[in-house]
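Novice: no sequence on hand, only this structure:
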């Protein structure tokens, strides 16, 4: 078992301090996973960099959240399911469907959810039919790469949360999630 406690900007290694300070300023707190990532500045800054770059992708906020929740659900990551449910730019029906692994009411977001699940489940060895369904829903070929970027982000944090058994932050408790069936 690992026993890394979340760090603050004050007690983090030099290479993590600036990132933690920026996160705290933006969110009002430092999420436990980022405080733990701070022990390894490369891990913290890799996560923050990919997340920042993903904000500049062609996926809108609802699409990005759909990918992050779908990947986190497929990976069984309760921490990330809670974190991405908080303040999700989705209506209640879509958020509930994503949390339960059920079809989304919006056909385009549903195609995105299914494609993301296929990417995660097959470790990227998707079928041509999976790509065709994604594109037929109105997505463009470069958006396949945006989905892969989001899946890479979630692979890093989902796996870290599994290994580290990251405790859920108090502000996220109301969004606690456990994998069912």
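Specialist: Received the coordinates, thanks. A quick note: this is a predicted structure, and the numbers were derived from the prediction, not measured. Numbers count the residues shown, from 1 in each chain.
Novice: got phi/psi on the closest residue to residue 34 other than its chain neighbours?
Specialist: Excluding its sequence neighbours, the residue lying closest to residue 34 (Cβ to Cβ, 6 or more residues apart in numbering) is residue 23, at 5.7 Å. C-beta: built from backbone N, CA, C; applies to glycine. Dihedral pair for residue 23: phi -60, psi -50, per degrees, to the nearest 10.
Novice: show me the protein divided up by domain.
Specialist: Per automatic domain parsing, the structural domains of the chain span 14-54, 61-175.
Novice: next, format those domains as JSON lines and append distance to residue 2, mean pLDDT and mean neighbour count.
Specialist: Converted to JSON lines, the domains of the chain look like this (distance: least, Cβ to Cβ, whole Å; pLDDT from 0 to 100; neighbours: other Cβ atoms under 10 Å):
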{"stretch": "domain 14-54", "distance to residue 2": "9", "mean pLDDT": "96", "mean neighbour count": "17"}
{"stretch": "domain 61-175", "distance to residue 2": "6", "mean pLDDT": "97", "mean neighbour count": "18"}
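Novice: the closest residue to residue 180 other than its chain neighbours and residue 27: what is the separation?
Specialist: Leaving aside its chain neighbours, residue 180 sits nearest to residue 100 (7.8 Å; criterion: Cβ to Cβ, 6+ apart). Going from residue 100 to residue 27 by Cβ to Cβ, to the nearest Å gives 26 Å.
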